[in-house]
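J.: generate coordinates for the sequence data below:
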Amino acid sequence: LASIDIGAIFLDLDLQLRRFTPAIQRIYSLVPTDIGRPISHFVSKLNYDHLIDDIQQVLNSLVTLAIEVQAKDGAWYLIHIKPYRTLENVINGAVITFVDITEQKHGHELRRLGTVTRDSNDAVTVQDFDGKIWSWNRGASQMYGWTEAEALAMNSLDMVPETKRAEILALYERLAREETVNSFETQRVRRDGQILDVWMTLTVLVDDANQPVGIATTERDITARKQASQIVSFENRALKAANQWYKILLERTEHAFLFHEACQILVEDAGYCLAWIGRVEKAETITPVACFGVEEGEPVAALAKQCRSLVGRALRSGLPVAVCNIPSVSAQKHWRVEARKHHFGSFLALPLILENGPLGILMIYATEPEAFVSQEVESLSRLSNSIAQSVGLDWKATEPQE
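T.: Just a heads-up that it's a prediction; the model follows:
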């Protein structure tokens, strides 16, 4: 046994130590002077509290026992407890062997884990605390677009939007200190540049000495679910604005301030960032008459001038015109500048029309680049029609005569 590096101890019928091999030092700290002492006097390095009971059971039943046990340092051992027979076939004690099966055990666990992660629809990765990717499953390839070979040459931070990198690095540092990090929502960048919303779980990986060596991530794409929820939210805010508007109409008899109140409702009650109403003058020029939101006064006149072509299209067609994801609209540089300056991502032009022609325009701005979905626009169109019908005749009556 000593020649093949197997830990073993030999006990007599009183469970006193008779012999041991050098390799047993990984389990028990024994010295030659310990011969003759009961095994119960020694503390092993195993998570195995009933060894003595199992030895006694084997001596009573004469049936060999095999069990896998993990040591406190993370190693695994296959333990065999056998009756010890003399040459005369007399039971004279027990022999206990300890075979290190850590590599086999870890290999089995890795194969099992590999099967689970390989077939998972979630993206499962393993990386070090600097983000260097060690492992990349099929779900990650499908979700993000990089092959396994490509991903293994990458850093996971390459997939993190710049605005999120400091947050992710701080979490990695916490994990390296063995702090607990709860699952959280964040974002990832696909190979094609698309931003995904993901639900992420981070798990610390430790070595045999229980020291942290890396991070396993499980990442689930929740983009579609968030978009569906956001669409409902967009629709609800438009309905909220319309309901509040109808309430105002029932409570007021004078129309002098209704334009301003309509804009205020859209911002304060519905949550849009800016709303303004403009009056159509000759040559399709627009004069702002009411506004509410992040910009008031003269800056709105500048916005009206910049949106002249869009307003003209809405007035000529009599239909709402929406522009979404303004920061990426390459053809209108001035729109992109204003969007960055005033923090809006999309806007909607709603014509105010009576039977005898257009009166003006209602402009609504949202912070979200993907705002103004179909149901939202329908509700806001009904609101703009109500505004036109409610105050349009009074407005037309105040026009200067030829």
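
J.: wait, is Q70 part of a helix?
T.: No. Going by DSSP: H, G, I helix; E, B strand; the rest coil, the assignment for Q70 is strand, not a helix.

J.: tell me the contacts of it?
T.: By CB atoms under 8 Å, 6 or more residues apart in numbering, Q70 lies in contact with 46-47, 76-77. The C-beta positions use only the backbone N, C-alpha and C, and glycine is treated the same way.

J.: so what's it bridging to?
T.: Taking DSSP bridges, one obtains W76 as the residues bridged to Q70.

J.: kindly report the same for A366.
T.: Beta-bridge pairing for A366 (DSSP bridges): S346.

J.: now do the SS call for the residue lying closest to W146 once chain neighbours are set aside.
T.: What sits nearest to W146 in space, not counting adjacent residues and going by CB to CB, 6 or more residues apart in numbering, is R191, at 5.4 Å. Under three-state DSSP, R191 falls in the coil class.

J.: hmm, back to that, among the contacts of Q70, which ones are buried?
T.: 46, 76-77 (16 or more other CB atoms under 10 Å).

J.: thinking again about what came up before, from the contacts of Q70, which shows the smallest pLDDT?
T.: Minimum pLDDT for those is recorded at W76 (85).

J.: hang on, that one packs against N47?
T.: No. The pair W76 / N47 is not scored as a contact, 10.4 Å apart, by CB atoms under 8 Å.

J.: what touches both of those two?
T.: 69-70.

J.: tell me where the model's unsure across this structure.
T.: Under the criterion pLDDT under 70, the flagged ranges of the chain are 1-4, 105-120, 208-209, 252-256, 282-284, 294-306, 327-339, 342, 391-402.

J.: give the buried residues for stretch 145-154.
T.: Judged by neighbour count using 16+ other CB under 10 Å, the buried positions of stretch 145-154 are 145-146, 151, 154.

J.: now those as a markdown table including secondary structure and distance to E179?
T.: Shown next, in a markdown table, are those (DSSP: H, G, I helix; E, B strand; the rest coil; distance: CB to CB, whole Å):
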| residue | secondary structure | distance to E179 |
| --- | --- | --- |
| G145 | coil | 32 |
| W146 | coil | 29 |
| A151 | helix | 27 |
| M154 | coil | 26 |
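
J.: L11 touches R19, doesn't it?
T.: No. Judged on CB under 8 Å, L11 makes no contact with R19 at a distance of 9.0 Å.

J.: more neighbours, the two?
T.: L11 (23 against 15; other CB atoms under 10 Å).

J.: and that one, how far from Q56?
T.: Distance, L11 to Q56, by CB to CB, to the nearest Å: 10 Å.

J.: alpha carbons of stretch 155-165, as CSV, please.
T.: What follows is stretch 155-165 as a C-alpha-only set of coordinates in CSV (Å, rounded to 0.1, in the frame of the first residue of the first chain):
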residue,chain,number,x,y,z
ASN,A,155,-13.1,39.8,-22.3
SER,A,156,-16.7,39.8,-21.0
LEU,A,157,-16.4,43.6,-20.5
ASP,A,158,-16.4,43.8,-24.4
MET,A,159,-20.1,42.9,-24.1
VAL,A,160,-21.0,45.5,-21.4
PRO,A,161,-22.2,48.9,-22.4
GLU,A,162,-19.8,51.6,-21.4
THR,A,163,-22.3,53.1,-19.0
LYS,A,164,-22.5,49.7,-17.1
ARG,A,165,-18.8,48.8,-16.9
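
J.: how far off centre is that stretch?
T.: 13 Å (CA atoms, centre = their mean, to the nearest Å).

J.: if we go by neighbour counts, what in that stretch is buried?
T.: 156-157, 159-160, 164.

J.: from the buried residues of stretch 145-154, pick the one nearest N137.
T.: Lowest distance from N137 to the buried residues of stretch 145-154 (CB to CB) belongs to A151, with 9.6 Å.

J.: quick one: the closest one and A140 touch, right?
T.: Yes. Using CB under 8 Å, A151 is in contact with A140, at 6.7 Å.

J.: all strands of the stretch 201-350 of the chain, in order?
T.: For the stretch 201-350 of the chain, strands defined by DSSP state E, counting those that start in this stretch occupy the ranges 212-221, 274-280, 286-293, 321-323, 346-354.

J.: can I get these in CSV including mean neighbour count and distance to K82?
T.: Formatted as CSV, the strands of the stretch 201-350 of the chain follow (neighbours: other CB atoms under 10 Å; distance: least, CB to CB, whole Å):
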stretch, mean neighbour count, distance to K82
strand 212-221, 19, 37
strand 274-280, 24, 84
strand 286-293, 20, 84
strand 321-323, 19, 81
strand 346-354, 22, 77
